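A.B. asks: The sequence and its predicted three-dimensional model are supplied below.
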Amino acid sequence: MTLGTRVTLVTTTVIASVLAVSGYASLKVRRANLEADLGREASEIAVALRAGIEPVTVKDAALSDLLHGRIRAARQPGELFQLEVLSGGTDDKIDDEAWLLLMQAAEIQAAPVGRLFDSASGSRSYAMAVPLYDAVGLELPRGHPARKPVAIVGMRRDTAYIDAEVAATARRIVPVFLLLVVGVALVVWFALRATVVRPLRRLVEGIDAVGKGDLSRVILAERDDEIGTIAGRFNAMTGSLREAREEGERAGSARLALEERLRHAEKLATIGQMAAEIAHELGTPLNVIGGRARAISKKAGDAAEVGKNAGIISGEVARITKIIHQVLDFSRPRGPTLTRVQLRSVVGEALAFVGETVRRLGIAVDLPAAPAPPDVPGDPDQIQQVCLNLITNAIHAMPNGGTLRITTETVVRRKGGLDLAPPAEYVVLGIADTGKGIPPADRDKIFEPFFTTKDAGQGTGLGLAVSHGIVKDHDGWIEVDSPTFDSGPSEGPEPPAKDSREQSSRSSTRHSGAVFRVFLPCAAATQADEPADRAGGEAESQPGVEQAESIGKD
C-alpha cells in the first residue's frame, strides 16, 4: 500500500468518525428539541383547559359528570392530546403509579406537571397532570396548606411522531454524510498526490538512478518544507558522490599507472636478471670453446688432440643449446598433449639417459619392487623432462657416490588448498638421494626461476621451475622433504613439515639428502587414449659419455 493511499485512508477514517459523532449528536439534539416542543405545547393546552373550566363551581357527582362531559366533548378525531379524569367529584382515583406520581407532583406544585414515560409495549408517551381549583382555592397563594385541587385532569400523547421525525432526519443526514466522506477522501487523495506522492516519486526515481550509477540526477527543491529539505540534501549527497567518484577515478588511474610502471620495472628487472644469468651461464662454455679453438689452431697437426678438443667443443655447444632451450621453455611454456603415460616406462627411459654418469660416479640405483601404478593422463615428453631434471639434480647432489632411490606408488590424498574437496587417487613418483640435502630455509625458494644452490657453472636454476610448471599444468604438485631409507617399499608420501622446527627435528633423525615427490592425478585422459609405452628398443640403447655429461645441470 502506497503512502498516499495509507494517509488517505487514515484521514478519511478520522473525518468519518468525527462526522458520525456529529450526526449522532445532531439526532440527539433534534429529539431533545422535539420533546421540549411537546412539553411547551402540552403546557399551552393545559393553560387553555384550566381557563375554560376554572373556577370549578360544582362538587361531588355533578363535578364528575361535568368533567367527563367536557372530556367527551373535547375528544375529536385527530386530536393530539387525549384527556381523562384522574380524580374529581368522588373519592375514586386512577390506580396507575405513573399518574399517581404526576398527580402528587401537580398537587404539590399547584401547577400542571408533565413528563415522558416508557410503556410496557415499548412505545413512549408524554403525560401531564393538570390540577383544577374552585374559587376559594384560586384566591389562596401557591404553597398554602388549604389550597387543594378539587379535580385533576390528565393529558396523554404518544411520542411515536418524535421517533419518526428523528428517523427522517437521520435519513436526510446519511447521504450528506456519505458525500462528505467521499468528497474528503478524494480531496485528500488528490492533495497528497500533488503535494507529497509526486515529489517523493521523483525522489525515489533519483535514488534509483544514483543506485544505477547516474550521479548527474538533480531534484529541484520546489517547496520550502520537509520534502524540499530532502531534495536539497539529495542534491548535496549526489554532489559529494560525484566528487568522490571523480577522486576515486583519479586515484584509480594513478594506481593503474603506478602498477603499470611497477610491472614494467619488474619486467626490466627480470630481463636484466635473466640476461645476467644467461651471460654468466654461457660465459663458461664460450670460454672453453674459445680456448679449445685456440688449442686446435696451435696443434693442428695432432689429430688426437684435435679430436679431443672437437669433442669438448661439441659438448659445450650442446650445453649452450640446452641452456637456451630451458630459457625458452620457461618463458614460453606450452600446454601438455594428454595421452596415457606409463610412469615406470618414463622412469626407465630417464635412467637410461643418465646410466653412464650414474656408473661413473658410483651411484647405486634402488628401485623397490612394487605393483605397477595405473597410467596417468599426461604428456610423455614433459613428464620425462621432469624425471630427467629431478634425477639429474639428485646425481649432482652426490658427486662422491651414494644411493638414488626411485619409487612409484598410488595414494589417496586431498590436494593442498582444497580442504572441502573429497580425497582423490594420485600416482606418486618419489626421487630420493643421499647427498647433502636442501636447507629448510631454501625449500620455499627452490622452485623460483634462477634460484640455485649449485656452484657457478653447474646449473641455471631453471630446471625445478620448469618442472614445477609442468606438474602444475598436469593438475599435480611437487613436495620436497628429507628421505628415510628403511627396508621395504614406502607406504606413501609423508605430509610436509609445518614449520622449520619440525623440519629440523625430522631431519635430525634421518639420513642426509632430499626427496622429491611428484603427485599426478589418476583421472582418465581427456584427449588421445593411446598407450605411451616407450620402454621398447629406445630404452635398451645407452647414451654416450658426452651426452650423459651434457644433460642440464640444474
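C.D. replies: That came through fine. Residues are numbered from 1 along each chain as shown.

A.B. asks: Please report the number of neighbouring residues for Phe234.
C.D. replies: The number of residues packed around Phe234, counting by other C-beta atoms under 10 Å, is 19. Where you see a C-beta, it was placed from the backbone N, CA and C, and this is true even at glycine.

A.B. asks: what's the nearest residue to it if we skip its chain neighbours?
C.D. replies: The shortest distance from Phe234 to any non-neighbouring residue, by C-beta to C-beta, 6 or more residues apart in numbering, is to Ile219 (5.5 Å).

A.B. asks: again, but for Arg414
C.D. replies: Of all residues beyond its chain neighbours, the one nearest Arg414 is Pro423 (4.6 Å), with distances taken as C-beta to C-beta, 6+ apart.

A.B. asks: how about that neighbour, what does it touch?
C.D. replies: Applying C-beta atoms under 8 Å, 6 or more residues apart in numbering to Pro423 gives the contacts Val412, Arg413, Arg414.

A.B. asks: Let's verify the residue nearest to Phe234: helix, strand, or coil?
C.D. replies: Here Ile219 is coil, with the state taken from DSSP: H, G, I helix; E, B strand; the rest coil.

A.B. asks: thought it was touching Val204?
C.D. replies: No. Counting by C-beta atoms under 8 Å, Ile219 sits too far from Val204 to count as a contact (10.3 Å).

A.B. asks: These two: which has the busier surroundings?
C.D. replies: Taking neighbours as other C-beta under 10 Å, Ile219 and Val204 compare with Ile219 leading, 20 against 10.

A.B. asks: Return the residues in contact with that one.
C.D. replies: If you count contacts by C-beta under 8 Å, 6+ apart, then Ile219 has Arg202, Leu203, Gly206, Ala231, Phe234, Asn235 around it.

A.B. asks: Identify the farthest-apart pair in these.
C.D. replies: Based on C-beta to C-beta, the longest span within the contacts of Ile219 runs between Arg202 and Asn235 and measures 11.9 Å.

A.B. asks: Quick check: buried residues in stretch 197-206?
C.D. replies: Applying a neighbour-count criterion of 16 or more other C-beta atoms under 10 Å, the buried positions in stretch 197-206 are Val197, Pro199, Leu200, Arg202, Gly206.

A.B. asks: Can you tell me which of those residues comes closest to Val341?
C.D. replies: Within those, proximity to Val341 (C-beta to C-beta) peaks at Gly206, which comes in at 64.3 Å.

A.B. asks: so where do the strands sit in the stretch 51-200 of the chain?
C.D. replies: In the stretch 51-200 of the chain, the segments counted as strands under DSSP state E, counting those that start in this stretch are 82-88, 113-118, 124-132, 151-158.

A.B. asks: Next, name the residue at the spatial heart of the chain.
C.D. replies: What sits nearest the mean C-alpha location of the chain, by C-alpha atoms, centre = their mean, is Gly211, with 16.5 Å.

A.B. asks: And it, how far from Leu241?
C.D. replies: Shown here: Gly211 relative to Leu241, a distance of 11 Å by C-beta to C-beta, to the nearest Å.

A.B. asks: repeat for Leu520
C.D. replies: For Leu520, the distance to Leu241 equals 53 Å [C-beta to C-beta].

A.B. asks: In terms of neighbours, single out the busier of these two.
C.D. replies: Neighbours were tallied for Leu520 and for Leu241 using other C-beta under 10 Å; the higher tally belongs to Leu520 (22 against 13).

A.B. asks: and the more buried one, what are its phi and psi?
C.D. replies: Geometry field for Leu520 lists phi and psi as phi -120, psi 130, criterion degrees, to the nearest 10.

A.B. asks: so who does it touch?
C.D. replies: With contacts defined as C-beta under 8 Å, 6+ apart, the neighbours of Leu520 are Leu343, Val376, Gly378, Ile383, Tyr426, Val427, Val428, Leu429, Val471, His474, Gly476.

A.B. asks: Just grab the bridge partners of it for me.
C.D. replies: Taking DSSP bridges, one obtains Val427 as the residues bridged to Leu520.

A.B. asks: what pLDDT does Asp251 get?
C.D. replies: Rather than Asp, residue 251 is Ala. Per-residue pLDDT puts Ala251 at 88.

A.B. asks: And for Thr403?
C.D. replies: According to the model's per-residue confidence, Thr403 sits at a pLDDT of 91.

A.B. asks: distance between the ends of stretch 194-201?
C.D. replies: In stretch 194-201, first residue to last residue: 11 Å (C-alpha to C-alpha, to the nearest Å).

A.B. asks: Oops, could you answer that again for stretch 131-139 instead?
C.D. replies: End to end - C-alpha to C-alpha - stretch 131-139 spans 15 Å.

A.B. asks: Figure out how far it is from the centre of its chain.
C.D. replies: The gap between where stretch 131-139 is centred and where its chain is centred comes out at 99 Å by C-alpha atoms, centre = their mean, to the nearest Å.

A.B. asks: what stretches of the stretch 51-200 of the chain score poorly on pLDDT?
C.D. replies: For the stretch 51-200 of the chain, the stretches with pLDDT under 70 are 58, 60-62, 73-78, 89-93, 119-122.

A.B. asks: what about the helices in it?
C.D. replies: In the stretch 51-200 of the chain, the segments counted as helices under DSSP state H, counting those that start in this stretch are 60-74, 97-109, 135-139, 160-192, 198-211.

A.B. asks: With distance to Gly401 added, can I get those in CSV?
C.D. replies: Formatted as CSV, the entries for those read as follows, by distance: least, C-beta to C-beta, whole Å:
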stretch, distance to Gly401
helix 60-74, 157
helix 97-109, 142
helix 135-139, 162
helix 160-192, 99
helix 198-211, 74
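
A.B. asks: Most tightly packed of those helices?
C.D. replies: Greatest average neighbour count among the helices of the stretch 51-200 of the chain goes to helix 97-109 (a mean of 16), per mean count of other C-beta atoms under 10 Å.

A.B. asks: Who are the packing partners of that one?
C.D. replies: Counting contacts by 3 or more C-beta pairs under 8 Å, 6 or more residues apart in numbering; DSSP states H and E, the secondary-structure elements packed against helix 97-109 are strand 82-88, strand 113-118, strand 124-132, strand 151-158.

A.B. asks: could these be laid out in CSV, adding distance to Glu266 and mean neighbour count?
C.D. replies: Formatted as CSV, those follow (distance: least, C-beta to C-beta, whole Å; neighbours: other C-beta atoms under 10 Å):
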stretch, distance to Glu266, mean neighbour count
strand 82-88, 122, 20
strand 113-118, 108, 16
strand 124-132, 108, 22
strand 151-158, 113, 21
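
A.B. asks: now the nearest residue to Ala105 once chain neighbours are set aside: how far from Ile162?
C.D. replies: Nearest residue to Ala105 in three dimensions, chain neighbours excluded: Val113, at 4.3 Å (C-beta to C-beta, 6+ apart). To Ile162, Val113 is 20 Å away according to C-beta to C-beta.

A.B. asks: What are the buried residues along the strand ranked longest in the chain?
C.D. replies: The longest strand of the chain (DSSP state E) is strand 402-413. By neighbour count, with 16+ other C-beta under 10 Å as the criterion, the buried positions of strand 402-413 are Gly402, Thr403, Leu404, Arg405, Ile406, Thr407, Thr408, Glu409, Thr410, Val411, Arg413.

A.B. asks: Those into JSON lines, with extra columns for distance to Arg156?
C.D. replies: Supplementary listing: these in JSON lines, determined by distance: C-beta to C-beta, whole Å:
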{"residue": "Gly402", "distance to Arg156": "140"}
{"residue": "Thr403", "distance to Arg156": "139"}
{"residue": "Leu404", "distance to Arg156": "137"}
{"residue": "Arg405", "distance to Arg156": "134"}
{"residue": "Ile406", "distance to Arg156": "133"}
{"residue": "Thr407", "distance to Arg156": "129"}
{"residue": "Thr408", "distance to Arg156": "127"}
{"residue": "Glu409", "distance to Arg156": "124"}
{"residue": "Thr410", "distance to Arg156": "120"}
{"residue": "Val411", "distance to Arg156": "118"}
{"residue": "Arg413", "distance to Arg156": "113"}
